[in-house]
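> no FASTA, just this:
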């Protein structure tokens, strides 16, 4: 009986653990499940990965939301995957990461990734993309943010400016993430002739905890300096560690054992 119970406990605990995908941060999103078949299903990710997909036509004058810009400013897909030790982020965009930030020439550079702990509308943490024109901080740095920059758009009934930070203006460096940005790619999605760029990031959950994350749900947000097209993904709350899950399993079996003893079953 004890042997069988031990086997059942092991199976239950293992079944409650998240399935860990193997992700290599190299700018190639095939290990996320992203395909290159020239159809809309290309953006469908593997099970267990949280995703927001907003692939739009590549016409230059196409309306995005809240601005225009077509493929050159299209934030197409944002993915997040949380393991027991790391947060992985991936993004597809039509925006060239080397685009200069020169508003007088109607050119707006890449923004930074922003994270909102607790989904309360305050983006406490940012990941510094650091294009060539950016004078703030260090490349790939994870910052506890004191001040954000925002885009061109003012508050209106459908748009709240504070929900769409563009770049870190001031903050405290917490550590360095692993970030790779691909070169130009074609052949993806229903607009397969469009040019795409892929961002891929990983960082330890210990850095998020250092920034004040308590395991609650959070948003990940990205947009360009103009904020013509923003994208947000919501990963799940923190998954309990293996030891906690095992203790939960033991507790459940202990309760069932007490019930069997009382009922005589």
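Arrived safely. Here the structure is a predicted model, which is why all the values come from computation and not from measurement.
> in contact with the residue lying closest to residue 190 once chain neighbours are set aside, which residues?
Distances taken as C-beta to C-beta, 6 or more residues apart in numbering place residue 40 nearest to residue 190, at 4.5 Å, with adjacent residues excluded. Every C-beta, even on glycine, is put in place using the N, C-alpha and C of the backbone. With contacts defined as C-beta atoms under 8 Å, 6 or more residues apart in numbering, the neighbours of residue 40 are 55, 189, 190.
> and if you look at residue 154?
Going by C-beta under 8 Å, 6+ apart, residue 154 touches residue 161.
> residue 50 too?
Contact partners of residue 50, counting by C-beta under 8 Å, 6+ apart, are 79, 80, 81, 233, 234, 235, 236.
> same check on residue 181?
Residues near residue 181 by C-beta under 8 Å, 6+ apart: 27, 97, 129, 197, 198, 199, 200.
> longest strand anywhere in the chain?
Across the chain, the longest stretch assigned as strand under DSSP state E is strand 165-176.
> got the buried residues for it?
Judged by neighbour count using 16 or more other C-beta atoms under 10 Å, the buried positions of strand 165-176 are 165, 166, 167, 168, 169, 171, 174.
> and which of those residues is nearest residue 75?
Set against residue 75, the nearest of the buried residues of strand 165-176 by C-beta to C-beta is residue 166 (11.9 Å).
> tally of neighbours for residue 85?
11 (other C-beta atoms under 10 Å).
> which residues are contacting the longest strand of the chain?
Against strand 165-176 from outside (C-beta under 8 Å, 6+ apart): 111-112, 114, 123, 125-126, 128, 134, 136-138, 140-151, 203-204, 207, 210-211, 221, 223-227.
> quick one, domains of the protein?
If you go by automatic domain parsing, the domain ranges for the chain are 1-18+240-265, 25-238.
> can you flag the weakest of these by average pLDDT?
The weakest mean pLDDT among the domains of the chain belongs to domain 1-18+240-265, with a mean of 42.
> ok, residue 210 - contacts?
Neighbours of residue 210 in contact, by C-beta under 8 Å, 6+ apart: 174, 175.
> run the last query once more with 7 Å
residue 174 (C-beta atoms under 7 Å, 6 or more residues apart in numbering).
> how near is residue 199 to residue 153?
Counting by C-beta to C-beta, to the nearest Å, the gap from residue 199 to residue 153 is 23 Å.
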